[in-house]
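1. attaching a predicted model along with its sequence, questions to come.
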Amino acid sequence: MQTLLEKIFYSFLKAKSGKESEKISLSTPTDIKSVANFLSVGEVEITIDEPFPLLIFETQILGLWAVCLSNQLQWLEVGQLPSVLLKTQRSLPPIPKFSLKELAPFSGGLMNSPYLLVEINRLATDYEIEKKPQVIQLSLLPLSLKDKEFLESTLGLGKTLIRIKGYGDCLIKNSQYKNIWWIEHFNSAGKSLLQAIEIDEVPAIVKAAREDLDGSILRIQKLQQELSI
């Protein structure tokens, strides 16, 4: 019978080959105890409020994700992204088609948001996973308060919130439409530095890099050796 660490190790090998993440069940208290030493929270935390509140965090082993429900650890996943996040995003509707003419009745007092929405619409409609993500830096555009409110009301907010911790935090929220994300970067004092919209299935900054998976395989091997001594 494979130990839990062996399951995690082989899951990393599968993930390295490009397969999507797979669940690793924690069926006994012994399972949880055996991985507790590296299950402290890493830099990425994900909250999904639908269909039920889930907290997902990347552990200290990059590419190893812990999924919690009601503050209880439910399962582990290995991969660039947790499958429940991808499933949630893929279930969202695509942004509806609209043109400048259709936005005209709502454009009173607006500057550039109608043009920006048409461009976001085009990018999201033409989006393909194989292509590079498209980033629109809102902080660098001449947008009035009404423009920002119009963008927010039209694109809306979904049920996913992602926080990436580092020297300064990055806060990522999904819109109500597939592949459209709100992104905001903060400095260490909590001041907003950059606001952007990214067109991608999931923003690249959230993903565990393939190089990280290689490093995690080595770390799992080291843990296995330490436990066998």
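-> Sure thing, it's come through. As the structure is a computational prediction, the values presented were derived from the model and not from experiment.
2. now do whatever helix or strand residue 220 lives in: everything it contacts.
-> Under the criterion of DSSP states H and E, residue 220 resides in helix 210-228. The contact list for helix 210-228 (C-beta atoms under 8 Å, 6 or more residues apart in numbering) reads 5-6, 8-9, 12-13, 15-16, 38, 61-64, 80, 208. Where you see a C-beta, it was placed from the backbone N, CA and C, and this is true even at glycine.
3. sitting in helices, which of those do you find?
-> 5-6, 8-9, 12-13, 15-16 (DSSP state H).
4. can you select the buried ones from those in PyMOL?
-> Provided next is the PyMOL selection string for whichever of the ones in helices among the contacts of helix 210-228 are buried by 16 or more other C-beta atoms under 10 Å:
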select buried, resi 5+8+9+12+15+16
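5. grab the two from the ones in helices among the contacts of helix 210-228 that are most spread out in space.
-> 5 and 16 (16.6 Å; C-beta to C-beta).
6. the helix or strand of the chain with the lowest mean pLDDT: what's the following helix or strand?
-> When each helix and strand of the chain is scored by mean pLDDT, DSSP states H and E, helix 29-35 comes last, with a mean of 56. Next helix or strand after helix 29-35 toward the C-terminus (DSSP H and E): strand 41-48.
7. measure how far the helix or strand just after that next one is from the centre of its chain, please.
-> Using DSSP H and E, the helix or strand that follows strand 41-48 in sequence is strand 54-59. From the chain centre to the centre of strand 54-59 is a distance of 11 Å (C-alpha atoms, centre = their mean, to the nearest Å).
8. and strand 54-59, which strands flank it?
-> strand 41-48 (antiparallel), strand 64-69 (antiparallel) (DSSP bridges).
9. which among those strands is found nearest to residue 137?
-> Of all the strands paired with strand 54-59, strand 41-48 sits nearest to residue 137, with 22.0 Å by C-beta to C-beta.
10. give me the buried positions along that closest one.
-> For strand 41-48, the neighbour count (16+ other C-beta under 10 Å) marks 42, 44, 46, 48 as buried.
11. how many residues are close by the residue lying closest to the third one once chain neighbours are set aside?
-> So the one you mean is residue 46. Excluding the flanking residues, the one nearest residue 46 by C-beta to C-beta, 6 or more residues apart in numbering is residue 56, at 4.1 Å. Residues lying near residue 56 (other C-beta atoms under 10 Å) number 21.
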